[in-house]
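# give the three-dimensional model of this entry:
(one chain, ligands or ions: 2)
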Amino acid sequence: MIVSAQKNTTEVGTIIAAHGRHYLAQVGEEKLQCVTRGKKSDVAVGDRVNLKRTSANQAVIESIAERKTLLYRSDQYKSKLLAANVTQLFIVVATEPGFTDDLISRALVAAESAGVDAHIILNKTDIEAALPRTRQRLEVYRKLGYPVHEVSAQAHPDATCDTFMPLLQGQTTILIGQSGMGKSSIINLIVPDADIAVREISAALDTGKHTTTFTRLYVMADDTAIIDSPGFQEFGLYQLSEGMLERAFREFAPYLGKCRFYNCHHLTEPDCAVLAAVKNGDIAAMRHQLYVQLLHESSQKLY
Ligand SMILES: Nc1nc2c(ncn2[C@@H]2O[C@H](COP(=O)(O)OP(=O)(O)OP(=O)(O)O)[C@@H](O)[C@H]2O)c(=O)[nH]1
Ligand SMILES: [Zn+2]
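Ligands and ions are numbered 1, 2, ... in the order given. The predicted structure is shown next:
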């Protein structure tokens, strides 16, 4: 079929899902199946792209607009693209089941190093027995300046929407969370017809049964989008240099440059200002341990 009107013009779209080297782009009200030229597959969900139509519902990606931010996911010892142009990252945790600090801090490091704001969403506040202890566990992050928002998607859906809507406005927000935290419940509240959209995306990309395993973007308004990243995407942090890592721990900032050695790794060095702060409790030991672990991991990278 020849679509004469669009034949030689370029259109602008947003990548809303990716599966292998097949992409789906939202162009106004339409969803177009896209491929890249050649073997390139460096397109990420959230990318703004220039497209050339090849049929009524297909197009070729001509170019990718400059990215404001880029998040990576981990794939063995490699980092692959997770999402582009994200402005804020919401980490969903719950009173129950338990969450791990390791995953929260890794997500925070990913956000910091990408220049993306990070917020923590505490869901299931209706499970009151577990609430005090959960709040206390999140205190370390709140003290670091990461906003913590309390919601209950199930018990207080309207209040949950009221909490989210102003936060989402004008932003591209990625939601991540370990299984069972209630991320799907939240998405279904704030994105009406999310299920329909996922089925549509899945059919267009022919992902078969893998409907829940791909990252997808929901366009809410011109300047507002939500990205649902299923499962708990391990963030790719292998590409971070030592300098980027130490800066991704925002509580290290007052101490950087104050160690005896200008190239201090903050591991076991004498007169290390960071270690001194860990020792006197100004830096949480748990956070420093993760820094050590990430430093170790980034030295293990294969390429
Ligand atoms: N008590 C309570 N339960 C909730 C709340 N929100 C979600 N749940 C329940 O928590 C369970 C997990 O919710 P989901 O929305 O499926 O969680 P998810 O994080 O998407 O989990 P996966 O689908 O495994 O990734 C379900 O049984 C929900 O009914 C809440 O506010 N309070
Ligand atoms: Zn040091």
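
# could you look up the SS state of residue 295?
helix (DSSP: H, G, I helix; E, B strand; the rest coil).

# hang on, isn't it packed against residue 240?
No: counting by CB atoms under 8 Å, residue 295 sits too far from residue 240 to count as a contact (9.3 Å). In short, each C-beta sits where N, CA and C put it, glycine included.

# neighbour-wise, which of those two wins?
When neighbours are counted by other CB atoms under 10 Å, residue 295 and residue 240 differ, and residue 240 comes out ahead with 25 against 16.

# quick one: the more buried one from ligand 1, how far?
Computed as CB to the nearest ligand atom, to the nearest Å, the residue 240 to ligand 1 distance reads 26 Å.

# just say helix, strand or coil for that residue.
At residue 240 the chain is in coil, as set by three-state DSSP.

# hmm, residue 112 and it touching each other?
No: no contact is recorded between residue 240 and residue 112 when judged using CB under 8 Å, the distance being 9.8 Å.

# helix or strand right after the longest strand along the chain?
Of all segments of type strand in the chain, defined using DSSP state E, the longest is strand 10-19. As assigned by DSSP states H and E, the chain's next helix or strand after strand 10-19 is strand 22-27.

# tilt between that next one and strand 10-19?
140 degrees (axes from the mean of the first three to the mean of the last three CA atoms, to 10 degrees).

# now residue 169: closest residue in space, sequence neighbours ignored.
Excluding its sequence neighbours, the residue lying closest to residue 169 (CB to CB, 6 or more residues apart in numbering) is residue 224, at 6.0 Å.

# swap in residue 81?
residue 44 (3.9 Å).

# so how many other residues sit close to that neighbour?
Around residue 44 sit 23 other residues, with neighbours defined as other CB under 10 Å.

# list the residues that contact the residue of the stretch 1-150 of the chain found nearest ligand 2.
Among the residues of the stretch 1-150 of the chain, residue 109 lies closest to ligand 2, at 17.8 Å counting by CB to the ion. Residue 109 makes contact with 235, 237, 240, 245, 248, 249, 290, 294 under the criterion CB atoms under 8 Å, 6 or more residues apart in numbering.

# farthest-apart pair in the residues you listed, please.
Farthest apart among the contacts of residue 109 by CB to CB are 235 and 249. That separation is 14.5 Å.

# what pLDDT does residue 233 get?
As predicted, residue 233 sits at a pLDDT of 66.

# wasn't residue 165 part of a helix?
Yes: counting by three-state DSSP, residue 165 is located in a helix.

# from ligand 2, how far off is it?
Using CB to the ion, to the nearest Å, residue 165 is found at 43 Å from ligand 2.
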